[in-house]
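Colleague: Provide a 3D model corresponding to the input given below.
(chains A, B and C)
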Amino acid sequence: MTRPVMPARNNEGFLENANDWSPDIAMVIAADENIQLDENHWEIIEFLRNFYKQHDMSPPSNRLFVKAVKEALGEERGNSIYLMQLFTGTPAKTACRIAGLPRPTNCL
Amino acid sequence: MSTLIVIDQPPYGSWAGREALDMAFSLAAFDQSVSLLFTGAGVNWLRTYQDTQEIQQKSVERNLAAASVFGVEAIYADEAASRLYRLMPDNTMAGVTVIKDRAALLRQHSHVAFAG
Amino acid sequence: MSDIKTLHILNKPPEHPRTQQCLEALNPGDALLLIENAVLAITMSVEAEVAVPVFALAPDVVARGLGQSPRGASASLVDFPVMVNLTASAQNVISW
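Modeller: Numbering: from 1, shown residues only, chains lettered A, B, ... in the order given. Predicted coordinates:
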């Protein structure tokens, strides 16, 4: 597979233009963070992209990210340990970055 | 302890309302009991079919729909203000409780904060 | 579009004290243009209460979910180019 051309990103690695996102781009952004996307990641990415479409925002903080996942997908996935294992660092930030969404406003 | 955040300013004119909404979400994030009351021109937050593409702002209608997901306990609307601005059940977003006695609602909460 | 004596541009919500001042200042030959939060006045049919033509900026109207609400005496919805024309065709402009 040839590596797709990486569109413009800001200094924290978030896409400048949300329309540049594609699943291939997601894989490249994830690879930058040493994450190999599997179906568990994709489930959360899809959830986040739907959330953004519905609410015009990313979950504003990590806690609210966990809450929103719990509300939608249940306790097994909506807990910080599970999400931290999938998305290293601050899960909300890492997941939004890979999902091509704006940075959660209240994440440091 | 329970907090009631009161938004009495219309959407899109200033940042005060959004900051108040942000505060409500933050309290909910830490599992604090928090509710929202819309009164005065603030009830216009609750109208359906807000299409903000052309004014290039995020839709407060969509933002507000996340309140229950995040654990905000209730969204109240003042009845008199709703009537004044012609908000009826058919053009008000789902999950809103219309209240007649605003003063009683304020007394029921241990902490009340107005936006802005 | 015929010439307007004074175009009153109002951006304050209905309960703002300046709204009342603006409505009291309307004279025959004037026009009222509602923008930003002033468009909320159309939920109260302000256009039925004043004797001059009333315009409302469409992007602000649809943003607030008022694009499809029944408007009694009906304010005319205008886009940005028409707003510019209105401003240009008025002898005076008051931005309230």
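
Colleague: close to chain B, is the helix or strand encompassing residue A:85?
Modeller: Assessed by DSSP states H and E, residue A:85 sits inside helix A:80-86. No: if you take C-beta under 8 Å from any C-beta of the partner chain as the test, helix A:80-86 misses chain B, and the best it gets is 12.1 Å. All C-beta spots, glycine's among them, are computed from the backbone N, C-alpha and C.

Colleague: buried by neighbour count: which residues of that helix qualify?
Modeller: For helix A:80-86, burial by neighbour count (16 or more other C-beta atoms under 10 Å in any protein chain shown) applies to A:82-83, A:86.

Colleague: what is it packed up against?
Modeller: helix A:39-55, helix A:62-73, helix A:91-99 (3 or more C-beta pairs under 8 Å, 6 or more residues apart in numbering or on different chains; DSSP states H and E).

Colleague: mind putting those in a markdown table, mean neighbour count included?
Modeller: Conversion of the helices and strands packed on helix A:80-86 to a markdown table gives the following (neighbours: other C-beta atoms under 10 Å in any protein chain shown):
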| stretch | mean neighbour count |
| --- | --- |
| helix A:39-55 | 16 |
| helix A:62-73 | 21 |
| helix A:91-99 | 25 |
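
Colleague: so for residue C:52, which of those helices sits nearest?
Modeller: helix A:39-55 (40.8 Å; C-beta to C-beta).

Colleague: just want the angle from the closest one to helix A:91-99.
Modeller: 90 degrees (axes from the mean of the first three to the mean of the last three C-alpha atoms, to 10 degrees).

Colleague: averaged pLDDT, helix A:39-55. What do you get?
Modeller: Mean pLDDT, computed over helix A:39-55, is 97.

Colleague: what kind of secondary structure is residue B:28 in?
Modeller: Taking DSSP: H, G, I helix; E, B strand; the rest coil as the rule, one finds residue B:28 in the helix state.

Colleague: tell me who's in contact with it.
Modeller: Counting by C-beta atoms under 8 Å, 6 or more residues apart in numbering or on different chains, residue B:28 touches A:64, A:67, B:34, B:67, B:70-72.

Colleague: hmm, the longest helix belonging to chain C in reach of chain B?
Modeller: Secondary structure of chain C read by DSSP state H shows that its longest helix is helix C:80-89. No: using C-beta under 8 Å from any C-beta, helix C:80-89 stays clear of chain B, coming no nearer than 9.2 Å.

Colleague: dump that helix to CSV, restricted to CA.
Modeller: Extracted in CSV, the C-alpha atoms of helix C:80-89 (Å, rounded to 0.1, in the frame of the first residue of the first chain):
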residue,chain,number,x,y,z
PHE,C,80,-26.3,40.0,2.3
PRO,C,81,-26.3,41.6,-1.2
VAL,C,82,-29.8,42.9,-0.7
MET,C,83,-28.8,44.2,2.7
VAL,C,84,-26.0,46.2,1.1
ASN,C,85,-28.4,47.6,-1.5
LEU,C,86,-30.8,48.6,1.2
THR,C,87,-28.0,50.4,3.0
ALA,C,88,-26.9,52.1,-0.2
SER,C,89,-30.4,53.3,-1.1
